[in-house]
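[1] give me the fold of what follows.
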Amino acid sequence: MAQRLALRRLLLLAPRGYPGSSFGTSAGRGSTFNVQDGSDFQDRVVNSPKPVVVDFHAQWCGPCKILGPRLEKMVAKQEGKVVMAKVDIDDHTDLAIEYEVSAVPTVLAMKNGDVVDKFVGIKDEDQLEAFLKKLIGA
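    You can find the predicted model right below:
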């Protein structure tokens, strides 16, 4: 409980974006989307018929800016076998707490609504490929 309260305080006190803090997205790819709210998360992630990679990130997080595009690229290479949901922890503190995100970037692998794998921090492309193949079952 104390950990959740500390996380909530951290997330509420964390600086929102600053000049030059844009986080690239590739909405045009179709395999990646930004979570809008808890209901959207339930519909598009928990109830997804496909495996989902959930990227918990923040605008102010330097490592997130490195991992995000790299992960999007690797998900796009899977040709529709997996989708990627992006969750900004500043906008969706409730989801970060529910999924016990204590640092960003945190990436969850979800299948049939259950978390089946997870990592925290940056990974190289080979590690991401192995993570995705394990999720897809390839």
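[2] apart from its neighbours in sequence, what residue is nearest residue 54?
    residue 108 (4.3 Å; Cβ to Cβ, 6 or more residues apart in numbering). Every residue, glycine included, has its C-beta placed from N, CA and C.
[3] what's across from the one you found in the sheet?
    In this entry, residue 108 is beta-bridged to residue 54, residue 118, by DSSP bridges.
[4] export only the CA atoms of the helix or strand harbouring residue 134, formatted as CSV.
    Here residue 134 is covered by helix 125-136, with elements defined by DSSP states H and E. In CSV, the C-alpha atoms belonging to helix 125-136 read as follows (Å, rounded to 0.1, in the frame of the first residue of the first chain):
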residue,chain,number,x,y,z
GLU,A,125,16.2,-4.9,-31.0
ASP,A,126,17.2,-8.6,-30.5
GLN,A,127,15.8,-8.6,-27.0
LEU,A,128,12.6,-7.0,-28.2
GLU,A,129,12.3,-9.5,-31.0
ALA,A,130,12.7,-12.4,-28.5
PHE,A,131,10.1,-10.7,-26.2
LEU,A,132,7.6,-10.4,-29.0
LYS,A,133,8.2,-14.0,-30.4
LYS,A,134,7.6,-15.4,-26.9
LEU,A,135,4.3,-13.4,-26.7
ILE,A,136,3.1,-14.5,-30.2
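[5] for that helix, buried residues please.
    Residues of helix 125-136 classed as buried by neighbour count (16 or more other Cβ atoms under 10 Å): 128, 131-132, 135.
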